[in-house]
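**Student:** Give me a model of this one.
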Amino acid sequence: MSIRVFLVDDHPVFRAGLRFALESADGLEVVGEAASGEEAVGALRLLDPPADVVVMDLQMPGGSGIEATRLIRAQTADDDTAPQVLILSVAEDDHSVVTALRAGAHGFLVKLASRQELIRAIHVVAEGGAVFGQSVAARLEGYFSALHVLPSRAAFPELTERERQILDLLARGYNNRKIARDLVLAEKTVRNHITQIYMKLGVNDRMAAAVRARDAGLGE
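**Tutor:** Numbers count the residues shown, from 1 in each chain. The predicted structure is shown next:
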């Protein structure tokens, strides 16, 4: 089954090139596109079946990619079929990257990324994993290493030991299937634990939980 991809970028020529690059790859299907975050949020509500991955520009008129990502994740927070968001942007400063992740994005690539890197990232994100380009990953490593790190048990006393184990694997970018396999649990059990983790940490999505976890030293 093909991965259904929705493109969001305000430059029509770039969108056309992106569409051509993705549609010529096996296993990918571009099911729609939008020129702004606001347009994307409205169009994605009408897609049936829904998109699997949204490739989102960061800076656009008519609603930023950050706000659009937040709205997309918020309106489908409890839906297993919610699209994952992969940011594709010329900006790669610490603030942009971390803000995108807190908004619910599952990946961040620069627009100079190769076609192969982009296709691989879409597949990883579609499976529920997290992915970053080499330069973005280096910036994140520097950002998190500069933070004051607390022991995980002290940082999250409200979590059970099992929840901390799952949060640690989630912060490493594992999807539910891989977490279940590593901990010898049913995927439904993993989903239930993750729901409890979200409630206890006061977050709405996977990437916000991962950022909190990595702030506290998990996911190393």
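
**Student:** Shouldn't residue 192 be within a strand?
**Tutor:** No - read with DSSP: H, G, I helix; E, B strand; the rest coil, residue 192 is helix and lies in no strand.

**Student:** count of residues packed around it?
**Tutor:** Per other CB atoms under 10 Å, the neighbour tally for residue 192 reads 12. Every C-beta, even on glycine, is put in place using the N, C-alpha and C of the backbone.

**Student:** now the helices for this protein?
**Tutor:** Ranges of helices within the chain are 12-23, 37-46, 65-75, 94-103, 115-126, 134-145, 152-155, 161-171, 176-183, 187-201, 206-215, based on DSSP state H.

**Student:** For the fifth one, name the packing helices and strands.
**Tutor:** Identification of packing neighbours for helix 115-126 by 3 or more CB pairs under 8 Å, 6 or more residues apart in numbering; DSSP states H and E yields strand 3-8, helix 12-23, strand 53-56, strand 84-89, strand 107-110, strand 131-132.

**Student:** Pick the most deeply packed of these.
**Tutor:** strand 53-56 (a mean of 28; mean count of other CB atoms under 10 Å).

**Student:** which residues sit in contact with residue 44?
**Tutor:** Applying CB atoms under 8 Å, 6 or more residues apart in numbering, we find residue 44 in contact with 6, 32, 50-51, 54, 72, 83.

**Student:** Looking at the residues you listed, which gets the smallest pLDDT?
**Tutor:** Lowest pLDDT within the contacts of residue 44 is found at residue 72 (85).

**Student:** For the helices of the chain, give me JSON lines that also has distance to residue 59.
**Tutor:** Compiled in JSON lines, the helices of the chain are given as follows (distance: least, CB to CB, whole Å):
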{"stretch": "helix 12-23", "distance to residue 59": "13"}
{"stretch": "helix 37-46", "distance to residue 59": "10"}
{"stretch": "helix 65-75", "distance to residue 59": "7"}
{"stretch": "helix 94-103", "distance to residue 59": "9"}
{"stretch": "helix 115-126", "distance to residue 59": "18"}
{"stretch": "helix 134-145", "distance to residue 59": "16"}
{"stretch": "helix 152-155", "distance to residue 59": "33"}
{"stretch": "helix 161-171", "distance to residue 59": "28"}
{"stretch": "helix 176-183", "distance to residue 59": "32"}
{"stretch": "helix 187-201", "distance to residue 59": "29"}
{"stretch": "helix 206-215", "distance to residue 59": "19"}
